[in-house]
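Show me the folded form of this:
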Amino acid sequence: MANTDHPSREPNEALIRIFEESAASKKSLAHSLNKLCEQAGCPRTYTNTSISNWMTRGMIPQPPVPRLLAQVLTARLGRTVSIADIGMSSSGTTHADMGLEFPREPGDAVRTAAEYWSAVKRRTFTSTTAAFAIAAYATPVTRWLISPADQILPTLAGRRVGQADIDELREIAEDARCWDARYGGGNWKLSSVNDCLHLRAAPLLHGSYSEAVGRQLFTVTAELSRLAGWSAFDMGHHDTAQRYFIQGLRMAKAGADRESGCYVLTTMALQSLIRGFPNEAIDMAQGAFNSARHVAAERVLSFAKLAEARAHAKAGNGPAAERTLRESEDLLAAVRNDGSDPAWLEYYTPARLASDAVEIYRDLGKPRKALEWSGHADAMPSGRFTRATGIRLSVASTAHLQQGDLDRGLEVGHRALAILGGVESARAHDYLRRFVTDLAPWRNETRVTEFIQLTPRAVRMST
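Coordinates of the predicted model:
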């Protein structure tokens, strides 16, 4: 047996799945592969044990064997099988740009996304930097704005995809959204979303489906990739989050779903804002809105406007922030309860808008208005939206300090601390850090010192 790049790893579920679909024996697969290797000028003597090692131990043969194995399986299945489809890259490692690509062709987009999800699953994805790079969004955003919808063509190769498959993916996405809101992006449920992308969604994307089913498949896959990105974003893994968001946007384009793409692009704008690029966030939020204004539901468009308002506030443009916030309110007030809204944004209510408005007015240095909005946000159930409630209270705490009210600031700060102590969210904990920083003028007071000392122990963070 030839040497391998990785002598011991997790099972290669992708290869196991493709092998089972091919209905070939390991012996016949090895025989066909040996013939191709000989024709390629690199003779090998692989056996059924070799195939077993690649599947159960995750061992990867040296190039060009992965490519030749993909060729053998392509011939067996009667459809194109890529190296990514069998859970192998050409060298057993992945390149730094993986996941940042936004291919023009739908077929290339599916292969690119599947390759990234597979690399994350197998933990072979490494990049040269863990930092957020705003420039990485330039090509994806431009290509989305120029042409936000691909033509969906029915496919005839591979496993038949049905409505039950779509419903399963939707249920997984909804479950992940609920856990995210309550427990934060670091909870175990969200960590399984990439498993779903790699093991469930990717094979379906390579399957056989009608135009109508294909549209649903790409849309729900876009949301799953957005959710995986949101989880990484919430935990401070911004480089990884970018790649998930980009692939989510590309899946929305492949599904000709401008509404879904608007939502993903708005999420990308929020990440850009949090990472300190408010002007770029404004451009992205405006692009999201304009690309979908004639097709998306009012709730989706309102969310894009809200992100834009937050970015204007962070940039210090009060008039623009208040104007776009009013536009967001008007759109949300126009929502029709007729079932036309997408399920993935049902959490976005007037109370949720109010929660973000608190931050807008805090950033604008208008604490009285911020606290008025905080009262409107009280309608959001903290048991379900734990993280959002804790973040809003953290922001309100700072607003009280802006008014010089240390008593109320600490009171609300303790409430925020109690709520966020059970949430796995680096982003939420950053809001508490901001409040701790804003306590600096009172740092010599005993009760302030006690709060500052209590904070890292309560939420497992360092100040």
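
For Leu73, see how far away the nearest residue to Gly365 once chain neighbours are set aside is.
Take Gly365 and drop its neighbours on the chain: the residue closest to it by C-beta to C-beta, 6 or more residues apart in numbering is Gln402, 6.7 Å away. The C-beta positions use only the backbone N, C-alpha and C, and glycine is treated the same way. Per C-beta to C-beta, to the nearest Å, Gln402 is found 63 Å from Leu73.

What of Gln39?
16 Å.

quick one, which of these two is more surrounded?
Regarding Gln39 and Leu73, a neighbour count based on other C-beta atoms under 10 Å identifies Leu73 as having more, with 24 against 10.

related to what we said a few turns ago, contacts only, for the residue nearest to Gly365.
362, 365, 367, 370 (C-beta atoms under 8 Å, 6 or more residues apart in numbering).

so who does the first one touch?
What that stands for is Arg362. Arg362 neighbours (C-beta under 8 Å, 6+ apart): 370, 395-396, 398-399, 402.

So which of those are in helices?
Those of the contacts of Arg362 mapping onto helices are 370, 395-396, 398-399, 402, per DSSP state H.

Tell me the buried residues within the residues you listed.
370, 395-396, 398-399, 402 (16 or more other C-beta atoms under 10 Å).

of all the ones in helices among the contacts of Arg362, which comes closest to Asn34?
Nearest to Asn34 among the ones in helices among the contacts of Arg362, counting by C-beta to C-beta, is Val395 at 64.3 Å.

Give me the next element, helix or strand, following the helix or strand harbouring Thr112.
In this structure, Thr112 sits in helix 106-122 according to DSSP states H and E. Using DSSP H and E, the helix or strand that follows helix 106-122 in sequence is helix 138-146.

Give me the contact list for that next one.
102, 104, 246, 249-250, 253, 261, 265, 268, 284, 287, 291.

just those now: which is nearest Ser425?
Met268 (18.8 Å).

Just give the nearest non-adjacent residue to the closest one, would you?
Per C-beta to C-beta, 6+ apart, closest to Met268 is Phe245, 4.9 Å.

Isn't Gln71 up against Leu36?
Yes - the criterion here is C-beta atoms under 8 Å, and Gln71 meets it with Leu36 at 6.2 Å.

Return the distance of the closest residue to Tyr209 other than its chain neighbours relative to Gly58.
Excluding its sequence neighbours, the residue lying closest to Tyr209 (C-beta to C-beta, 6+ apart) is Val161, at 4.1 Å. Separation of Val161 from Gly58 (C-beta to C-beta) stands at 27 Å.

cool, Asn34 as well?
21 Å.

Between those two, which has more neighbouring residues?
Neighbour tally, Asn34 and Gly58, criterion other C-beta under 10 Å: the higher count belongs to Gly58, 22 against 18.

would you say that one is within a strand?
No - using DSSP: H, G, I helix; E, B strand; the rest coil, the assignment for Gly58 is coil, not a strand.

looking at it, it is touching Ala14, isn't it?
No - contact criterion C-beta under 8 Å: Gly58 and Ala14 do not qualify, at 10.1 Å.

Perfect, that will be all.
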